[in-house]
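Undergrad: following is a predicted model, sequence given first.
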Amino acid sequence: MTTAQPAHGPLHWVDGTMPEFDQAVLRIPIVGFLEYCLRGIGQVVFMNSPITGAFILAAAWTHEPYLGFSGTIGVLASTLTALVLGFDRGAIHAGLFGFNGVLVGLALGLFLSPQWDVLVIVWTVVLSAASSILMAALGSVFGGAWGVPPLTLPFNFVTLLFLVSALQLSRGHLGDLVEPGAPAVTGPEVQTALRESASAVGDTDAVAVINAIFRGIGQLFFLNSLLAGVLIIVGIAFCSRIAAGFALVGSAVGMLTGMALGADGVQIYNGLWGFNSFDAALAIAGVFFVLTWRSALLGVLCAIFTAVLFGAIASIFVPWGLPALTLPFCFGTLTFLLLKGASKYFTFVPPADVVTPEEHLRRARREREALSAEGQS
Amino acid sequence: MTTAQPAHGPLHWVDGTMPEFDQAVLRIPIVGFLEYCLRGIGQVVFMNSPITGAFILAAAWTHEPYLGFSGTIGVLASTLTALVLGFDRGAIHAGLFGFNGVLVGLALGLFLSPQWDVLVIVWTVVLSAASSILMAALGSVFGGAWGVPPLTLPFNFVTLLFLVSALQLSRGHLGDLVEPGAPAVTGPEVQTALRESASAVGDTDAVAVINAIFRGIGQLFFLNSLLAGVLIIVGIAFCSRIAAGFALVGSAVGMLTGMALGADGVQIYNGLWGFNSFDAALAIAGVFFVLTWRSALLGVLCAIFTAVLFGAIASIFVPWGLPALTLPFCFGTLTFLLLKGASKYFTFVPPADVVTPEEHLRRARREREALSAEGQS
Amino acid sequence: MTTAQPAHGPLHWVDGTMPEFDQAVLRIPIVGFLEYCLRGIGQVVFMNSPITGAFILAAAWTHEPYLGFSGTIGVLASTLTALVLGFDRGAIHAGLFGFNGVLVGLALGLFLSPQWDVLVIVWTVVLSAASSILMAALGSVFGGAWGVPPLTLPFNFVTLLFLVSALQLSRGHLGDLVEPGAPAVTGPEVQTALRESASAVGDTDAVAVINAIFRGIGQLFFLNSLLAGVLIIVGIAFCSRIAAGFALVGSAVGMLTGMALGADGVQIYNGLWGFNSFDAALAIAGVFFVLTWRSALLGVLCAIFTAVLFGAIASIFVPWGLPALTLPFCFGTLTFLLLKGASKYFTFVPPADVVTPEEHLRRARREREALSAEGQS
């Protein structure tokens, strides 16, 4: 994810990974650091672009200022930690030590309480910093032997371990969303009608579906809001239209899987069945596999698989009342990434060569042309 | 497991991995596909033989037609998925994309309800197909860095994840066998007398022991029946007498371990302490390690270790009411396979070179003879 | 951990890894075997020294004779198993097949009941032996692909799997310390004042802190006693003063982390927040990374991370009533070991080259001198 290529067309300054902008701001130290952080936010959706990051950050601040604040200190703390500990500069630069931190910040902003509490902010800084250590450690295991990235596993591990330990800590500051319970066969009583809350009446179909899809985009960043979802899609589209398209497709596939399985309609309406699937679809269809009709189909399959994983992990976590976070995305996407050597139908893009889906298509075309030119001479 | 060697003796057409039969049927497309599927069923017990597969399938259909049907669509769906996604032909051919699928089918046939329900059949097809994706993904992790096969982990993951998510799904169609509960120290109240059900009186010792051993064979395929166990042993014996022998030894060792630990006598009678241990013993003593008295002993140790793992995993899964499936077999066998480089006493057979225990012995003898001939010249 | 280097100074016979003593006793077969076992006990704290092992063993026997006995048969059984199965002689010799066994013995001595029961002793022998099989298996996974040791994971897996299965076994012989319960948000009611038991009044600060730190040393070996902690520190100091220092620092950091998080004061007083952190700090600061001010800081960070992991794992295990054992140490230390390739600031000592922190410093100095001499010529 470290190689940046110049984009094409009139919007080339804000399109793709923006290497020219990068060269311009790198000369100013603090601005350069902030740019890494914005790229880090964009990397949650595999977009190495400060514009994508800025849109996501704006969505957080406008939805709920404390979430914006908490996510911001998360990305700052994790990126700074990576610099201080001497981790790979190219990776820091591409935002790879920021995307776990921003998610730690956003998650703790939602699951700890009260907001703006000094101790809650201290835990947020410390745990975001820890996510960078875990990123470096897991990166060497995943990248070395298996050739795949650890995705957002560092965020998931750090956040879940803190939340579960906080059950028994007097300074854990757990909010009401973490509520331990006993697993039971609740399937037969589940209400599947799409609606915003348990007490609400069902919306019209179109409104419910639009909410489910766009809240499914926002929920990746713990932003349960239609507007946040729209802002994030626009931010992604600045960097890659293909990615923005598959984000929407993935969120819709996650929603449909939840509906087919007969999941709780309140969960679906609020995007909980979409956010893991959308990031998974986007990663498989275009980012890590060059886009073809086959890899598009693989992305859809991965979105379905990831949605089932969401149901499973949410159910496994019931005894401790923990959220599934993005573990379903991690396990679903890693499963499909590991198909890289198993089939001749898919062209894998090694993590170090990832740019944008559009650029991968251009590269593949250039390679085909070079091969055919060679064949003719 | 892809290399097939001609067998010897008058029964050579049905003995071993049957490469001559293979050559004959491969010319007929649909028949060839069905042959892969039968080999896939045999591969659950590491027998790359359509005869073994046919006996197991017959055991399922005669025990409970719906289980036979469900297992059949499982193996068809998983093998077909591997072909469509372009996975390795040699591996598909040897049944390596069928053994997880048939187990998914059999397990869902038992744990979902009602039988012959359209939605239940749809879930069975989809999840069997997913097992092939997981097989390819895990195969690259396990085979690449560690040189061991993923065994039946894809079946376990797919089935357990669906069952646990189904707790909370209105279309999950869970049967009564999945019953969440609270872990407790129940050891002191456990009834250890071997008997068929909680209300039954204890059988005579010999009858109870024969039931435990042969139901322990059948239970690998979710067939709780003495007859099924006998049919499966006969099917294994067509391919390898050594394997059939260690299957019985392993099931007996699992039973004895359960009795020594003071496990529930109803579980033991119904073969639940035998089915993981028998497949583990068979795998270690002859299939993955060339048979010697030392590797025979190692197989027995692995059967004991696997039986303890069965007790542990069954206990861990109590909160969600999940079955242990063949996770104990996977973890137990993988542990002992990973000893391959640790001791000079054992000759490991790499997964790609696995044929039958008998053929491994012949190969080892030829190699010794070649070495001694070299030494003399 | 297999290379032994002669130490320096007047105490050189009992300082460091004692290679001269080793040469002397190796000629006497039984004494040689006992020396491996003592080194195995020392290896729990990464000290390849029979003196360290002897002090730890003395601490166990004086604290509670049955724990001393149980630990002794554990280390004997695991070391003997490794010899019988033909595992690497150099590793057995350095105690690497003993440290898991002694911990299995000590843990089962505490968690099974009654003491001196024949069946309890049989389980202890069998499970200690099994830890050596798991050590060889995990060693090939961890050492091969990742270049890190499996630490005490074999001990943790074997012990936890037996304890959890024993919940449902009539011959499991579980003691009262394993008590399943339901997770709940208990944080707000936690009493954080440091004191020996729930009914005791708080000690003076200095006494409480000294207890927490030294019991934190003893608790690694399940010895909840200030005296045991002192004896173990003295034993470590014979082999390495740096390691002894970081053991105390690590235990103090674990205690402070527990206090900062608002953990139960009874747990902290009794050393439960210290024992994982002290072994982690010692491993990172000097043993696996050459001691510098940066690696000292890394050791402190690892001790904090490990303490949080203790809180998390203890909370995850509530439904089954299982102890966290040294899983927090394993996961915390492995995370930081995997940073070996991620930063230019730290000099990693490969497991096969580990001696003592002091000797690593001398080696690093010699290398610098050799380099500068080369530069001048």
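TA: Looks like it came in fine.

Undergrad: contact residues of the stretch 201-350 of chain A facing chain C?
TA: A:Pro319, A:Trp320, A:Gly321 (CB under 8 Å from any CB of the partner chain). Placement of C-beta: from N, CA and C, glycine included.

Undergrad: among those, which ones are buried?
TA: Among those, those buried by neighbour count (16 or more other CB atoms under 10 Å in any protein chain shown) are A:Pro319, A:Trp320, A:Gly321.

Undergrad: check those residues one by one and keep those near chain B.
TA: Within these, those near chain B by CB under 8 Å from any CB are A:Pro319.

Undergrad: what's the pLDDT at A:Ser199?
TA: At A:Ser199, the model reports a pLDDT of 83.

Undergrad: low pLDDT regions in chain A?
TA: Within chain A, the stretches with pLDDT under 70 are A:1-13, A:202-203, A:377.

Undergrad: grab the most central residue of it for me.
TA: A:Val44 (3.8 Å; CA atoms, centre = their mean).

Undergrad: distance check, that one against chain C.
TA: A:Val44 sits 21 Å away from chain C, going by CB to the nearest CB, to the nearest Å.

Undergrad: for that residue, which three-state class applies?
TA: helix (DSSP: H, G, I helix; E, B strand; the rest coil).

Undergrad: how about the nearest residue to it, chain neighbours excluded?
TA: Nearest non-adjacent residue to A:Val44, counting by CB to CB, 6 or more residues apart in numbering or on different chains: A:Phe99, 4.6 Å away.

Undergrad: the one you found: how many residues sit nearby?
TA: Applying other CB atoms under 10 Å in any protein chain shown, we find 30 residues neighbouring A:Phe99.

Undergrad: and it, what is it in contact with?
TA: A:Gly40, A:Ile41, A:Gly42, A:Gln43, A:Val44, A:Val75, A:Thr152, A:Phe155 (CB atoms under 8 Å, 6 or more residues apart in numbering or on different chains).

Undergrad: if you set the cut-off to 7 Å instead, what comes out?
TA: A:Gly40, A:Ile41, A:Gln43, A:Val44, A:Thr152 (CB atoms under 7 Å, 6 or more residues apart in numbering or on different chains).

Undergrad: check which helix or strand the residue lying closest to the second one once chain neighbours are set aside maps to.
TA: To tie it back to what came earlier, the one meant is A:Ile41. Using CB to CB, 6+ apart and skipping the chain neighbours, the partner closest in space to A:Ile41 is A:Gly53 (3.5 Å). When elements are assigned from DSSP states H and E, A:Gly53 belongs to helix A:50-63.

Undergrad: what comes into contact with that helix?
TA: Around helix A:50-63, the neighbours that count as contacts under CB under 7 Å, 6+ apart are A:14, A:18, A:35, A:38-42, A:45, A:67-68, A:71-72, A:106, A:218, A:221, A:223, A:225, A:228, A:231-232, A:234-236, A:238-239.

Undergrad: quick one: buried ones out of the residues you listed?
TA: Buried among those (16+ other CB under 10 Å): A:18, A:35, A:38-42, A:45, A:67-68, A:71-72, A:106, A:218, A:221, A:223, A:225, A:228, A:231-232, A:235-236, A:238-239.

Undergrad: out of the contacts of A:Phe99, who's nearest chain B?
TA: Set against chain B, the nearest of these by CB to the nearest CB is A:Thr152 (18.3 Å).

Undergrad: ok, the residue nearest to A:Val44 to A:Ser78 distance?
TA: 8 Å (CB to CB, to the nearest Å).

Undergrad: returning to what we had before: so the residue nearest to the centre of chain A makes contact with A:Leu103?
TA: Yes: contact criterion CB atoms under 7 Å: A:Val44 and A:Leu103 qualify, at 6.3 Å.

Undergrad: returning to what we had before: mind putting the buried ones among the residues of the stretch 201-350 of chain A next to chain C into JSON lines with secondary structure?
TA: Listed next are those as JSON lines, based on three-state DSSP:
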{"residue": "A:Pro319", "secondary structure": "helix"}
{"residue": "A:Trp320", "secondary structure": "helix"}
{"residue": "A:Gly321", "secondary structure": "coil"}
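
Undergrad: what does the helix or strand that contains A:Ser70 contact?
TA: Taking DSSP H and E as the definition, A:Ser70 sits inside helix A:65-84. Identification of contacts with helix A:65-84 by CB under 7 Å, 6+ apart yields A:36-37, A:40-41, A:57, A:60-61, A:92, A:97-98, A:100-102, A:104-106, A:108-110, A:115-116, A:121, A:124-125, A:128-129, A:131-132, A:222-223.

Undergrad: try stretch A:278-292
TA: A:45-46, A:216-217, A:220, A:242-243, A:246-247, A:249-251, A:253-254, A:295-296, A:298-300, A:302-303, A:306, A:329, A:332-333, A:336-337, A:346-349, A:354, A:357, A:360-361, A:364.

Undergrad: ok, stretch A:182-193 next?
TA: A:202, A:262-265, A:315, A:318-319, B:166-170, B:172, B:174, B:180, B:182, B:319-320, C:182.

Undergrad: show the buried residues in these.
TA: For the contacts of stretch A:182-193, buried by 16+ other CB under 10 Å: A:262-265, A:315, A:318-319, B:166-170, B:172, B:174, B:180, B:319-320.

Undergrad: kindly report the residues of chain A close to chain B.
TA: A:145-146, A:182-188, A:190, A:192, A:261-263, A:305, A:308-309, A:311-312, A:315-316, A:319, A:335, A:338-339, A:341-345 (CB under 7 Å from any CB of the partner chain).

Undergrad: buried subset of these as a ChimeraX selection?
TA: Selecting the buried subset of the residues of chain A next to chain B in ChimeraX, with 16+ other CB under 10 Å as the burial test, is done by:
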select /A:145,146,183,185,186,187,190,192,261,262,263,305,308,309,311,312,315,316,319,335,338,339,341,342,343,345
